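> the sequence and its predicted three-dimensional model are supplied below.
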Amino acid sequence: METKPVVVCMWNLGQGGLPVGTEEALTLGRKVASATGARLHLLVLGPLPEECLETAGRFGADDVDQIEDAALEGFAPDAYVDALAGYCQQESPALILFSQAADTRLVAPRLAGRVGAGVLMNGVDISVGESGGLQATASAYGGDTQMVYELSGAASYVVALSANALLPEPAEGGPTQPGCRSIQVDLSGVNERIRVIEQARTEGPRLEDADIIVSGGRGLGGPENYKLIEQLAEALGGLAGASRPIVDEGWVDSSQQVGLTGKITRPALYLAAGISGASQHMAGCSAAKTIVAINKDPDAAIFRYASYGLVGDCLEILPELIRAARQ
């Protein structure tokens with residue numbers, strides 16, 4: 001009996017290239033497909049990015065499926081859910097993987113509800129358990145811990161993979177040569193209820209890709225002192241980040257927020273100045289190879305995660321670090 005396929009789903013919003021996280025999702029999809037003897041499909045909603053077939057082959061996809069329709073232009077969640085539900089009806093996938101982002105959070109649970117699939121967000125891994133069924137690991141409590149779930153009782157599952165949950169790894173057996181299949185679904189009856197009239201755009205390097213991040217929190221005392229974070233980040237060749245409280249208070253733009261509701265990062269060095277270490281913030285930086293913390297409170301939670309800790313006033317320590325970094 002043919003094993004039902006594993007499908008990695010992405011959509012092209014015209015930002016150039018494949019969306020961030022696609023390679024990670026393909027890596028996990030390949031792992032599950034290999035373990036279960038299933039085919040791995042990459043499903044693209046909208047136009048096919050130029051390097052899509054090459055990337056899909058490099059990560060071991062057997063097929064690239066595309067649904068292209070005028071209703072899928074821009075981000076149209078009702079049309080996306082309808083398109084995906086139609087695809088599931090035709091292809092009966094066992095597992096649909098998404099790279100988790102704000103738009104995925106809107107689509108994935110609705111798709112699961114539409115097709116009667118199980119759904120798991122914040123996924124970090126999927127493996128085959130001793131019983132032969134799938135087990136999914138997901139982060140919980142703001143990244144403080146992980147939970148393992150048995151995927152049983154439903155005909156299919158929708159899993160959203162957390163950003164930076166794993167490192168992308170090309171297929172062990174070398175690249176495949178996937179063909180492209182055009183999948184037809186009827187979207188003529190879709191009545192889009194939400195329209196994005198203007199999408200936030202950021203320019204320049206991304207926090208998610210930075211090797212060095214210097215982040216500041218309320219311990220800086222006031223917005224005028226955030227320049228110390230920017231100066232140290234520049235001196236170290238990194239980027240400046242921030243905790244949610246100072247974003248909420250308008251000290252910096254939300255594009256610099258690190259944490260569960262901000263950017264999920266995996267730098268080589270994360271320096272946190274005046275940040276308490278709440279679990280919501282650590283969810284965005286706990287994967288850093290080295291965390292350095294500066295805080296006046298020796299009992300601050302951030303020190304539980306830090307490889308190196310400096311107990312003191314960051315307004316006194318940061319200028320010294322800037323001076324040393326510039327020498």
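Received, thanks.
> please count neighbours and contacts with C-alpha atoms only from this point.
Noted.
> which residue packs closest to Leu18, ignoring adjacent ones?
Excluding the flanking residues, the one nearest Leu18 by C-alpha to C-alpha, 6 or more residues apart in numbering is Pro49, at 6.4 Å.
> ok, the one you found - how many residues close by?
Burial of Pro49 is recorded as 18 neighbouring residues (other C-alpha atoms under 10 Å).
> and what of the one 3 residues further on?
Residues contacting Cys52 under the criterion other C-alpha under 10 Å number 16.
> report the contact partners of it.
Gly17, Leu18 (C-alpha atoms under 8 Å, 6 or more residues apart in numbering).
> apply 10 Å and report the result again.
Cys52 is in contact with Gly17, Leu18, Leu42, Val44, Arg58, Val64, Cys180, counting by C-alpha atoms under 10 Å, 6 or more residues apart in numbering.
> quick check: the gap between the fourth one and Arg114.
Translated: Val44. The gap separating Val44 from Arg114 is 19 Å, by C-alpha to C-alpha, to the nearest Å.
> could you do the fifth one as well?
For Arg58, the distance to Arg114 (C-alpha to C-alpha) stands at 32 Å.
> His281 belongs to a helix?
Yes. His281 forms part of a helix when assessed by DSSP: H, G, I helix; E, B strand; the rest coil.
> and it, how many neighbours does it have?
For His281, using other C-alpha under 10 Å, the count is 26.
> please name the nearest non-neighbouring residue to it.
For His281, the spatially nearest residue (C-alpha to C-alpha, 6+ apart) is Gly259, at 4.0 Å.
> got a list of what that neighbour touches?
Applying C-alpha under 10 Å, 6+ apart to Gly259 gives the contacts 142-143, 241-244, 265, 278-286.
> now Gly174
Gly57, Arg58, Phe59, Gly60.
> ditto for Ile322
Here Ile322 is in contact with Leu228, Ile229, Glu230, Gln231, Leu232, Ala233, Glu234, Ala235, Leu236 (C-alpha under 10 Å, 6+ apart).
> mind listing the strands for the stretch 201-327 of the chain?
For the stretch 201-327 of the chain, strands defined by DSSP state E, counting those that start in this stretch occupy the ranges 212-216, 239-242, 269-273, 290-295, 308-311.
> max-length strand in the chain?
When the chain is parsed with DSSP state E, its longest strand is strand 118-128.
> related to what we said a few turns ago, looking at Arg58 and Arg114, which is more packed in?
Relative neighbour count places Arg58 above the other of Arg58 and Arg114, with 22 against 13, counting by other C-alpha under 10 Å.
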